[in-house]
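K.L.:
This is a predicted model, with the sequence first.
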Amino acid sequence: MSVGLGIKACYAGFNVKFYTATNLANELAEAVQFHRLSKLEKGLAKIDLLIIDELSYLTFNRYQSEMLFQVISERSERASIIVTTNLEFSRWTELFENEIMVAALIDRVTFRSHILNMNVQESYRLEQTLSKENEIEEDHSTD
């Protein structure tokens, strides 16, 4: 859904950037290492919609957490952001080391936002795979 919204925003003339959370954290760390963090931050500030996907699969060290927090904090109330995760907010402390920062991060992400809870028991991908397997089995049984 986040990709679809991003594409729709592009068609509407907005500047959109898509990252996985891990890729953004790594790009921020590399920017610090090569002394171009300011340039990256200015580029991110120009983006109308920043999409951060998969904020739940890998944990972040304190440094990565702080950099991600900084990006999200800078955008709060000034520009749009979409964050996708399969973890409820109460479990975000599993991703980030600093609990106080997690509370502040959740505060910024949820302020004036729309929260879509799309966590369902059945996996859409698994359902599609099983459906295709059933179709193949049905085709072979009629031969």
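P.N.:
Perfect, thanks for sending it.
K.L.:
Do I have it right that residue 54 meets residue 85?
P.N.:
Yes - the criterion here is CB atoms under 8 Å, and residue 54 meets it with residue 85 at 7.5 Å. (C-beta placed from N, C-alpha, C; glycine too.)
K.L.:
Could you pull out the helices in this protein for me?
P.N.:
2-11, 21-33, 37-45, 62-75, 99-110, 124-141 (DSSP state H).
K.L.:
Okay, angle between the second one and helix 37-45 too, please.
P.N.:
Angle of helix 21-33 versus helix 37-45, following axes from the mean of the first three to the mean of the last three CA atoms, to 10 degrees, is 140 degrees.
K.L.:
hey, C-alpha coordinates of helix 21-33 in CSV?
P.N.:
Extracted C-alpha coordinates of helix 21-33, given in CSV (Å, rounded to 0.1, in the frame of the first residue of the first chain):
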residue,chain,number,x,y,z
ALA,A,21,14.5,1.3,7.3
THR,A,22,17.8,-0.6,7.2
ASN,A,23,18.8,1.0,3.9
LEU,A,24,18.1,4.5,5.3
ALA,A,25,20.0,3.7,8.5
ASN,A,26,23.0,2.5,6.5
GLU,A,27,22.9,5.4,4.1
LEU,A,28,22.8,7.8,7.1
ALA,A,29,25.8,6.0,8.6
GLU,A,30,27.7,6.1,5.4
ALA,A,31,27.0,9.8,5.0
VAL,A,32,28.5,10.5,8.4
GLN,A,33,31.5,8.4,7.5
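K.L.:
Out of the helices of the chain, which is closest to residue 116?
P.N.:
helix 2-11 (9.7 Å; CB to CB).
K.L.:
any chance of the helices of the chain in TSV, plus distance to residue 90 and mean pLDDT?
P.N.:
Converted to TSV, the helices of the chain look like this (distance: least, CB to CB, whole Å; pLDDT from 0 to 100):
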stretch	distance to residue 90	mean pLDDT
helix 2-11	22	96
helix 21-33	18	95
helix 37-45	28	95
helix 62-75	17	90
helix 99-110	9	92
helix 124-141	24	69
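K.L.:
No further queries at this time; thank you.
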